[in-house]
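Student: Give me a model of this one.
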Amino acid sequence: MVWIPGGVFTMGSDHHYPEEAPAHRVELEGFWIDRAPVTNAQFQKFVKATGHVTLAERPADPAQYPDALPELLAPSSIVFVPPPGPIGSGDPYRWWQYVPGANWRHPEGPGSSIKGRETHPVVHVAHADALAYAAWIGKRLPSEAEWERAARGGLEDAEFAWGDELHPGGRPVANTYQGEFPHHNSRLDGWERTSPVGSFPANSYGLLDMIGNVWEWTDDWYRDHATLPPKAAGSCCTLRDPRGGSQEESVDPASQHGAIPRKVVKGGSFLCAPSYCRRYRPAARMAQGIDTSTCHMGFRCVVSGPGEHLR
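Tutor: Take a look at the predicted model:
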């Protein structure tokens, strides 16, 4: 784990997606955070020790989805399947598929495997799966503020975790999408899907893959930054250790998640592209239903300080 010193920083952004605004000052105590996302090998050790069965490996509860077709209740997870040609980016259901048999052991569905991907981030983990792992290893999931402070690496005003250029010197420094989304990934960064942790440079705190590769769960219930106390915006006031909203506040019946509560996820993934999802930035955020697992969703853990014994 890596020690992140306490202090004040600017969280959010006024210059990108609306859900990131307003930028506001936040103060945190120091904490420890995993140097990299949890890998397949680490998650496999947890499963062997506990017998944990992930959400994607269990059939869905018909009571929660009364209108669902029976075949959609089978153990399944969401997989990115690139279309054969240009289709535009207005309908994500044309490249996301609910695949029976897709789970952390089989990232693209039956016939796929994590063999040779032991050091890749584990994927197809729902929020409850990440919580179970964290409890087993004696850690917890980060708050959104903790995650964002760690991702910034001390660069207060930089657009990205490494500076203000997406590809400094023309070289990708995170696993994101290059090419024409969603049908053609040029793989300028060398990877089409997940990459082994540490394939790209660490940020200034020494953390790997805080941006790109996989989205990461936080433990904050999602709420709009716009609902923060009015004086939180700007430099006059500072929020101390903010922890998101309530479970009830996180529900948006008009969203794709319907009545399902949502948590904040951070960091973007190998599917974030300049033409589609510019969320490969520390300030970027997204709401994710807690009943959902996907091929580009992982996590890492934190421990509250001081904890010098963790060095």
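Student: burial of the nearest residue to residue 228 once chain neighbours are set aside, as a residue count?
Tutor: Among residues not flanking residue 228 along the chain, residue 24 sits closest, at 6.0 Å (C-beta to C-beta, 6 or more residues apart in numbering). C-betas here are computed from N, CA, C, even on glycine. Close neighbours of residue 24, defined as other C-beta atoms under 10 Å, add up to 22.
Student: again, but for residue 190
Tutor: Taking other C-beta under 10 Å as the criterion, the count of residues near residue 190 is 10.
Student: wait, isn't it in contact with residue 199?
Tutor: Yes - taking contact to mean C-beta atoms under 8 Å, the distance of 7.4 Å between residue 190 and residue 199 places them in contact.
Student: Strands of the stretch 1-150 of the chain, residue ranges please.
Tutor: Listed in chain order, the strands of the stretch 1-150 of the chain (DSSP state E, counting those that start in this stretch) span 2-4, 7-11, 24-28, 31-33, 76-80, 96-100.
Student: residues in contact with the last one?
Tutor: Contacts of strand 96-100 with the rest of the structure, by C-beta atoms under 8 Å, 6 or more residues apart in numbering, involve 71-72, 74-81, 108-110, 294.
Student: want to throw those residues into CSV with distance to residue 156?
Tutor: Shown next, in CSV, are the contacts of strand 96-100 (distance: C-beta to C-beta, whole Å):
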residue, distance to residue 156
71, 50
72, 46
74, 48
75, 45
76, 42
77, 38
78, 35
79, 38
80, 34
81, 39
108, 39
109, 43
110, 47
294, 32
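Student: of all the residues you listed, which two lie farthest apart?
Tutor: Using C-beta to C-beta, the pair of the contacts of strand 96-100 lying farthest apart is 71 and 80, separated by 20.6 Å.
Student: Please identify which of those two sits among more neighbours.
Tutor: Remark: of residue 71 and residue 80, residue 80 carries more neighbours, 19 against 9, as counted by other C-beta under 10 Å.
Student: Can you check the pLDDT for the residue nearest to residue 228?
Tutor: We have a pLDDT of 94 for residue 24.
Student: Return the distance of it relative to residue 5.
Tutor: Using C-beta to C-beta, to the nearest Å, one gets 20 Å for the distance from residue 24 to residue 5.
Student: Likewise for residue 166?
Tutor: Counting by C-beta to C-beta - residue 166 and residue 5 are separated by 27 Å.
Student: where does this structure have low pLDDT?
Tutor: Applying pLDDT under 70 to the predicted model, the residue ranges of the chain that meet it are 89, 229-236, 307-311.
Student: Nothing else from me, thank you.
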